[in-house]
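[1] This is a predicted model, with the sequence first.
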Amino acid sequence: MASHCSLRRSVIQLYKELQYMGREYPAGADYFNKKCKAAFLKNKDETDPEKIEMLINRGRFVQKEIEALYSLRKYRAMKQRYYDKDEMDMHSKKIENFVKQL
């Protein structure tokens, strides 16, 4: 079990990392920051170390999901730059046919 100080440090670090990541959020940094702050304030009175650990793990999961969202957005932008529309349509049809076969 982690001590109170290390839990506090982990929560603050997670909050700072999420705030930093929110700068590029598709709906806007203000929207993301408000939602993030509301989520942290909702659980500010939590004192059970196990529950705090669970909330930190959920925050880490959200962080990974946001990273995946950003990676997907970058991939789509690169794909649009380097592929013709006809090529993309051809590839998407192949993928659709493959999925139908499953």
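    Right, received. Where do you want to start? The structure displayed is predicted, hence computed values, not measured ones.
[2] Quick one: the helices in the protein, in order.
    Per DSSP state H, the chain carries helices over the ranges 4-21, 29-42, 49-82, 85-101.
[3] Please report how far the residue most central in space within the chain lies from residue 20.
    What sits nearest the mean C-alpha location of the chain, by CA atoms, centre = their mean, is residue 66, with 1.7 Å. For residue 66, the distance to residue 20 equals 11 Å [CB to CB, to the nearest Å]. Using the backbone N, CA and C atoms, a C-beta is placed for each residue, glycine as well.
[4] now swap in residue 62 and tell me
    Taken as CB to CB, the span from residue 62 to residue 20 is 14 Å.
[5] go on, residue 49?
    Taken as CB to CB, the span from residue 49 to residue 20 is 26 Å.
[6] Could you do residue 38 as well?
    18 Å.
[7] likewise residue 90?
    Distance from residue 90 to residue 20, by CB to CB: 39 Å.
[8] now residue 51
    Note on residue 51: its distance to residue 20, by CB to CB, is 25 Å.
[9] Same check on residue 33?
    From residue 33 to residue 20 the distance is 10 Å (CB to CB).
[10] Quick check on those two: which one has the bigger neighbour count.
    Legend: neighbour count by other CB atoms under 10 Å for residue 33 and residue 20, higher for residue 33 (15 against 9).
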